[in-house]
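>>> Sequence plus the predicted model coming up.
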Amino acid sequence: MAKDNPLLEDPSTTNIHNDTTAPQPTKLDLDPLKKVAGKYLKREILGEGTYGVVYKAINKETGQTVAIKKIRLGKQKEGVNFTALREIKLLRELKDPNIIELIDAYPHKGNLHLVFEFMETDLEAVIRDRNLFLSPADIKSYLQMTLKGLSYCHKKWVLHRDMKPNNLLIGPNGQLKLADFGLARLFGSPDRRFTHQVFARWYRAPELLFGTKQYGSGVDVWAAACIFAELLLRRPFLQGSSDIDQLGKVFAAFGTPTASQWPDMVYLPDYVEYQYVPAPPLRSLFPMASDDAIDLIAKMFTYDPKARISVLQALEHRYFSSAPLPTIPNKLPRPVPKQEHLNSRVSDFNPHEGPTVLSPPRKSRRIMPERGGFEGNAFQVDKNDDHVSAIRQAAGENTGRNGPAMMSVDFSIFGTKPPNRPTINSADRTHLKRKLDLEFQQPE
Ligand SMILES: Nc1ncnc2c1ncn2[C@@H]1O[C@H](COP(=O)(O)OP(=O)(O)OP(=O)(O)O)[C@@H](O)[C@H]1O
């Protein structure tokens with residue numbers, strides 16, 4: 001498989017900040033890209049994410065509106081290494097109606113600029129907008145587009161691994177497109193001082209939370225299931241305040257997995273035993289969902305990644321062919337675009353205008369849960385997780401919501417090796433405790 005997948009060629013060079021062994025770039029590598037810089041005229045700041053600021057910009061030649069993600073390259077001002085350039089090239093080749101297009105990539109003043117097609121809004125804004133009513137057909141349509149984008153990438157042996165509603169961008173015609181493919185692998189773990197990644201935990205598959213090193217496309221399926229649940233509930237479904245708490249939330253919702261449900265679980269590096277809690281009926285968590293929706297949710301939330309439904313199988317599930325059929329994208333309810341001048345022309349430019357921050361700070365963009373709390377339909381579930389508190393205390397965990405949390409969001413590829421099977425001993429538990437302590441350390 002490694003032979004077919006260019007991303008597998010050199011797994012040691014996944015982080016361009018830290019990689020000192022990879023061939024260093026030469027001026028020659030970057031010059032052809034550099035010519036691109038003058039092509040775009042920067043407009044206002046659209047917001048700031050894990051990797052840096054995103055600007056709206058206009059292609060001076062075509063008038064096309066684009067979004068430019070300026071990525072801080074840290075100390076490695078010389079530029080991007082060969083591996084990163086090769087992977088950027090690969091990302092540029094991902095072309096699908098449900099994948100955001102990477103139009104250009106160029107270095108400028110020590111930063112890497114990635115030029116994407118401009119999108120009007122994102123799924124997080126749709127879910128959060130209380131003025132929008134999402135019908136079952138609308139939810140089906142948003143989920144179908146998400147899975148179609150994923151299926152394209154999985155077909156190309158690329159995992160997303162950072163699926164969350166704000167990474168699902170929506171264009172003026174209602175088309176949903178997956179964004180941020182590959183960025184985590186290219187640019188390493190995000191700076192812990194940024195709070196953005198804390199939300200990514202809610203979409204993490206249990207095998208990742210138990211520290212697996214060999215994960216596959218199932219992690220994206222689990223995240224898509226969380227997004228499906230969020231569309232149905234109109235709030236994030238499993239809002240853990242730490243990795244351990246996240247697992248507690250998962251087990252409270254679906255029952256603690258048994259060895260027969262997930263035989264490999266006990267061999268995972270960060271496995272800890274949780275007190276058994278039975279699964280409440282799925283219907284009690286999603287009272288408004290159809291039987292087909294419940295059946296698909298159950299298959300997407302399967303614990304054992306090997307038994308979890310694939311994206312392709314999910315797309316073939318009868319949920320998508322039974323009534324109501326998915327809404328046509330341009331008929332989908334969408335919030336008011338965050339940009340008033342979507343069709344800006346070159347003549348609209350005022351290059352002397354200062355940047356305007358259009359999106360509110362990340363913290364106010366998310367619905368912040370009360371500590372450890374479910375709301376509404378799932379509230380009953382949360383009351384069952386006393387056992388989690390005990391483990392949290394035992395692990396010396398800081399569950400404070402305001403502290404920074406580390407999330408490793410490596411963009412990854414399908415693992416092919418058989419899983420490691422370490423035995424659980426006290427050293428593993430010490431390791432877990434250390435890991436948790438590290439996760440919640442304040443940045444310097
Ligand atoms: N292609 C795009 N078109 C329009 N706006 C965009 C585009 N890409 C990103 N944005 C906006 O820029 C802002 C920052 O985006 P970015 O993807 O860097 O971070 P984020 O999605 O907010 O958080 P995270 O880093 O956790 O994914 C967000 O408001 C986002 O909606």
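Thanks, I have it. Remember, predicted model here, so these are calculated numbers, not experimental data. Numbers count the residues shown, from 1 in each chain.

>>> Contact residues of the chain facing the ligand?
Counting by CB under 6 Å from any ligand atom, the residues of the chain close to the ligand are 46-50, 54, 67, 69, 100, 116, 118-119, 122, 166-167, 169, 179-180, 196, 359. C-beta: built from backbone N, CA, C; applies to glycine.

>>> Restricted to strands, list those.
When those are checked against strands (DSSP state E), the matches are 46-49, 54, 67, 69, 116, 122, 169.

>>> Confidence-wise, which of these comes last?
Ranked by pLDDT, these bottom out at residue 49, which scores 80.

>>> So that residue sits against residue 71, correct?
No. Proximity of residue 49 to residue 71 does not meet the contact threshold set by CB atoms under 8 Å, at 9.7 Å.

>>> And the helices in the stretch 1-150 of the chain, which stretches?
27-34, 82-92, 123-128, 136-155 (DSSP state H, counting those that start in this stretch).

>>> looking at the ones you listed, which is closest to residue 297?
Checking the helices of the stretch 1-150 of the chain against residue 297 by CB to CB gives helix 136-155 as the closest, at 10.2 Å.

>>> Show the average pLDDT along stretch 102-112.
Here the average pLDDT along stretch 102-112 is 85.

>>> Now residue 296: which helix or strand?
Per DSSP states H and E, residue 296 falls inside helix 291-300.

>>> what does that helix rub up against?
136, 221-222, 224-225, 228-229, 232, 282-283, 286, 289, 308-309, 313-314, 317-319, 322 (CB atoms under 8 Å, 6 or more residues apart in numbering).

>>> elements contacting the strand or helix carrying residue 207?
For residue 207, the enclosing helix or strand under DSSP H and E is helix 206-209. If you count contacts as 3 or more CB pairs under 8 Å, 6 or more residues apart in numbering; DSSP states H and E, helix 206-209 packs onto helix 218-233, helix 243-254.

>>> so can I have JSON lines of those helices showing mean pLDDT?
Shown next, in JSON lines, are those (pLDDT from 0 to 100):
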{"stretch": "helix 218-233", "mean pLDDT": "97"}
{"stretch": "helix 243-254", "mean pLDDT": "96"}
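
>>> Same list, these, but as JSON lines with distance to residue 175 and mean neighbour count please.
JSON lines is the format used below for those (distance: least, CB to CB, whole Å; neighbours: other CB atoms under 10 Å):
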{"stretch": "helix 218-233", "distance to residue 175": "16", "mean neighbour count": "24"}
{"stretch": "helix 243-254", "distance to residue 175": "31", "mean neighbour count": "24"}
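
>>> In the stretch 1-150 of the chain, where is pLDDT below threshold?
Counting by pLDDT under 70, the stretch 1-150 of the chain contains low-confidence residues at 1-37, 73-84.

>>> In it, what residue lies closest to the ligand?
Using CB to the nearest ligand atom, residue 49 is the residue of the stretch 1-150 of the chain that sits closest to the ligand, at 1.9 Å.

>>> Quick one: work out the angle between the helix holding residue 296 and helix 136-155.
Helix 291-300 and helix 136-155 are oriented at 30 degrees to each other (axes from the mean of the first three to the mean of the last three CA atoms, to 10 degrees).
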